[in-house]
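Chemist: Structural data only, the sequence is not supplied:
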């Protein structure tokens, strides 16, 4: 049986030390919201959330572009739908 690693443990083992300059209000926010965790853990959590949000934003923009194109092709379908509703209304 092989050794099983949990994802969280693997992330900790693969950390890279970096130095970044952050604004004082961001530092204060991290300090206020970190709880019992380290500031580094809190910053990593916030960055992961920001990365996911950017991915969702890109997917949303892509979906909006896709459906905008689809909407242009629906003009004939909508006209048929309106005509059908009028026909059913007369029956």
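Modeler: That came in fine, so what should we check first? The model shown is predicted, which means the values in this text are computed figures rather than measured ones. Numbers count the residues shown, from 1 in each chain.

Chemist: low-scoring pLDDT stretches of this protein, where are they?
Modeler: 1-13, 71-76, 90-91 (pLDDT under 70).

Chemist: Could you rerun that using 90?
Modeler: Along the chain, the parts satisfying pLDDT under 90 run over 1-18, 63-91.

Chemist: And the helices in it, which stretches?
Modeler: 7-13, 24-33, 39-72, 75-90 (DSSP state H).

Chemist: Throw the ones you listed into a markdown table and include mean neighbour count, thanks.
Modeler: The way it works is simple: take the backbone N, C-alpha and C, and place the C-beta from them, glycine included. Shown next, in a markdown table, are the helices of the chain (neighbours: other Cβ atoms under 10 Å):
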| stretch | mean neighbour count |
| --- | --- |
| helix 7-13 | 9 |
| helix 24-33 | 11 |
| helix 39-72 | 11 |
| helix 75-90 | 9 |
